[in-house]
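> Okay, predicted coordinates and the sequence, questions at the end:
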Amino acid sequence: MRFKIGDKVAVLDDAISGVVESVNGLLITINSDNGFSLKFEERDLVLIREEQSEIAKKVIVSEKLGLKNDCNKKGKLSRKKKTKDLVPGMEVDLHIQKLVKSTRGMDKYDMLSFQIDTAKHKLEFAIKNRIPRIVFIHGVGEGVLKNELMYLFNRYPVSVSEASYQKYGMGATEVYILQNKSV
């Protein structure tokens, strides 16, 4: 994949995103969202076509309109109605910078606690609203958040597996909620 100056990108194995400043062969320099110039190999970056917050807005609008959670190639919502058995899944990005405006004053324990609380609330929301599948995007890092998530998931009636590597990379876990079909 060839990146161009001005492209919004994210680092695959880290919670870093930014805008491409320069391209020198396979070495890409980005200006991170925190204002730092960082260099990465092309293979370590992925192009961001749409921000998570924008995707979430479309999901909320589609749920209010009773539409299927499906976007066409241009990012516009399709007008397909939900079927009874086909309920879309949820995506929850647990990167701390996606959850809070600033981490100032928070130590690592506070950040981890906030991430776990968010995951717990989203999981309970999904169980309550009979959403069958959630993908928790946690990143790779040292694996502390992933281990804590596994401990959390053991307390709920869920089946856990790695999320699609092609779509999420290595830093995501897919949770299927085991629910009774009768209401």
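That came through, no problem. As the structure is a computational prediction, the values presented were derived from the model and not from experiment.

> If you count contacts, what does the helix ranked longest in the chain end up packed against?
Of all the elements of type helix in the chain, the one with the most residues (DSSP state H) is helix 108-128. Helices and strands touching helix 108-128, as assessed by 3 or more Cβ pairs under 8 Å, 6 or more residues apart in numbering; DSSP states H and E, comprise strand 90-93, helix 96-99, strand 133-137, helix 144-153, strand 172-177. The way it works is simple: take the backbone N, C-alpha and C, and place the C-beta from them, glycine included.

> Show me which residues of that helix are buried.
Judged by neighbour count using 16 or more other Cβ atoms under 10 Å, the buried positions of helix 108-128 are 111-112, 114-116, 118-119, 122-123, 126-127.

> what helix or strand is S161 on?
Secondary structure assigned from DSSP states H and E places S161 in strand 158-162.

> mean confidence score for the following helix or strand past that strand?
Past strand 158-162, further along toward the C-terminus, the next helix or strand under DSSP H and E is helix 165-168. In this model, helix 165-168 carries a mean pLDDT of 84.

> pLDDT of stretch 39-56, averaged?
Averaging pLDDT along stretch 39-56 gives 72.

> just stretch 142-159 next, same as before
The predicted model gives stretch 142-159 an average pLDDT of 90.

> ends of that stretch, how far apart?
The first residue of stretch 142-159 is 23 Å away from its last residue (Cα to Cα, to the nearest Å).

> quick one: contacts of it?
Where contact means Cβ atoms under 8 Å, 6 or more residues apart in numbering, the residues beyond stretch 142-159 that reach it are 94, 112, 115-116, 119-120, 123, 127, 136, 138-139, 160, 173, 175-179.

> 10 Å instead, please
94-96, 108, 111-113, 115-117, 119-120, 123-124, 126-127, 133-134, 136, 138-140, 160, 170-180 (Cβ atoms under 10 Å, 6 or more residues apart in numbering).

> Can you point out the buried residues in it?
145-146, 148-149, 152-153, 158.

> ok, F40 - how many residues close by?
21 (other Cβ atoms under 10 Å).

> again, but for the one 3 residues further on
R43 is flanked by 10 other residues according to other Cβ under 10 Å.

> Number the chain from 4, please
That works, and once the first residue is 4, the last one we named lands at R46.

> rewinding a little: adding distance to V14 and pLDDT, write the buried residues of helix 111-131 out as a markdown table.
Below are these laid out as a markdown table (distance: Cβ to Cβ, whole Å; pLDDT from 0 to 100):
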| residue | distance to V14 | pLDDT |
| --- | --- | --- |
| M114 | 18 | 90 |
| L115 | 20 | 91 |
| F117 | 22 | 92 |
| Q118 | 18 | 92 |
| I119 | 23 | 93 |
| T121 | 22 | 93 |
| A122 | 22 | 92 |
| K125 | 24 | 92 |
| L126 | 27 | 91 |
| A129 | 28 | 87 |
| I130 | 33 | 87 |
